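J.: Sequence and predicted structure are below.
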Amino acid sequence: MTDLPIQRHRAILDHLNKVETARTVQLAAQLGVTRETIRNDLSHLADRGLLRLVYGGAVRVGLQEPDLQARLASNIAGKTRIARRAAALVPDGARVALDCGSTTLALARELRARVGLMVWTNDIAIAQELGSGADVMLLGGTLSLSQNITIGPDAAEMMAGYNVDLAFISLGGLSAAQGLTDFDRGEFLLRNAMRNAATECYFLADQGKFGRPAPLRWKSPQTASAVICDCEPGPEEQAMLNRIGLPLMLT
């Protein structure tokens, strides 16, 4: 019997990664819980964009990140805890690179009280959040109106011309099988540039990223200082982090 919701959620996602479809009755029998419990689990995962509900069960979503509005609405409390833990690492006067994303936007809100920050970002909402109190450099590139960001090689090349103290980067996925992953090649290129520009780099991953597949794999992720999560990943994910030498920092 799988008692903890996060364990069941991971088991459901692992099952879908293998077979692409799952029936409620089969999952209930496999995990030793009631059908109603599985229905609640599937609804929760569907709300976070991790699967799609169908009659009698669920199907795997494609290897595509949930849209911006879905991400902004998901796990707000967990992302806020990550943001506060990350903000504690940022002193006044720091030079900071902030990747685009719902968790880094929450971090930007936590940084409004800092004095003398210099911030590099490709996220227009983050630039607006910090623009009145920090010196913000909005990285140029191709404008994505759907994501409210700039992306592409121009943004990455611009970032490569700077040195920063800290970079905070949102992960697309964190899994035992695939390691640390991401979805979009243009965003991935810029995130690598931010990591290379920073003295210290921190990955951010809320529990919605655990076990989630994504097509692009981070190379040499141990060059980051830590990955900050709102709760413990499963033992397989923790073993993966230990194997690659990347510390886990919990909120």
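T.: Yes, it's here.
J.: Could you spell out which stretches of the protein belong to which domain?
T.: Domain segmentation of the chain under automatic domain parsing yields 5-60, 69-250.
J.: I'd like those written out as CSV, with mean pLDDT and mean neighbour count added.
T.: The C-beta positions use only the backbone N, C-alpha and C, and glycine is treated the same way. As requested, the domains of the chain are arranged in CSV below (pLDDT from 0 to 100; neighbours: other C-beta atoms under 10 Å):
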stretch, mean pLDDT, mean neighbour count
domain 5-60, 85, 17
domain 69-250, 93, 19
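J.: what helices or strands is the lengthiest helix in the chain leaning on?
T.: Counting residues, the longest helix in the chain under DSSP state H turns out to be helix 5-19. On a contact count with 3 or more C-beta pairs under 8 Å, 6 or more residues apart in numbering; DSSP states H and E, helix 5-19 meets strand 21-23, helix 24-31, helix 35-47, strand 51-54, strand 57-60.
J.: so that helix versus helix 24-31, what angle?
T.: Helix 5-19 and helix 24-31 are oriented at 120 degrees to each other (axes from the mean of the first three to the mean of the last three C-alpha atoms, to 10 degrees).
J.: outside of helix 5-19, which residues touch it?
T.: Residues outside helix 5-19 that contact it (C-beta atoms under 8 Å, 6 or more residues apart in numbering): 2, 22, 27, 30-31, 33, 37-38, 41-42, 44-45, 50-51, 58-60, 207, 210-213, 231, 234.
J.: would you put the C-alpha positions of the helix or strand where Arg243 lies in CSV?
T.: Arg243 belongs to helix 235-244 when assigned by DSSP states H and E. Provided in CSV are the C-alpha atoms of helix 235-244 (Å, rounded to 0.1, in the frame of the first residue of the first chain):
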residue,chain,number,x,y,z
PRO,A,235,14.6,8.0,-2.5
GLU,A,236,15.4,7.3,-6.1
GLU,A,237,15.7,11.0,-6.9
GLN,A,238,17.7,11.6,-3.8
ALA,A,239,20.0,8.8,-4.8
MET,A,240,20.5,10.4,-8.2
LEU,A,241,21.3,13.7,-6.6
ASN,A,242,23.9,12.0,-4.3
ARG,A,243,25.4,10.2,-7.3
ILE,A,244,26.0,13.4,-9.3
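J.: Whichever helix or strand comes after that helix: partners in the sheet, and parallel or antiparallel?
T.: Where DSSP H and E defines the elements, the next helix or strand beyond helix 235-244 is strand 248-250. The pairing partners recorded for strand 248-250 under DSSP bridges are strand 226-229 (parallel).
J.: How far does the partner strand sit from its chain's centre?
T.: Remark: strand 226-229 is offset 10 Å from the chain centroid, using C-alpha atoms, centre = their mean, to the nearest Å.
J.: And the contacts of that strand?
T.: Applying C-beta under 8 Å, 6+ apart, the contact partners of strand 226-229 are 82, 85-86, 171, 174, 180, 202-207, 241, 246-251.
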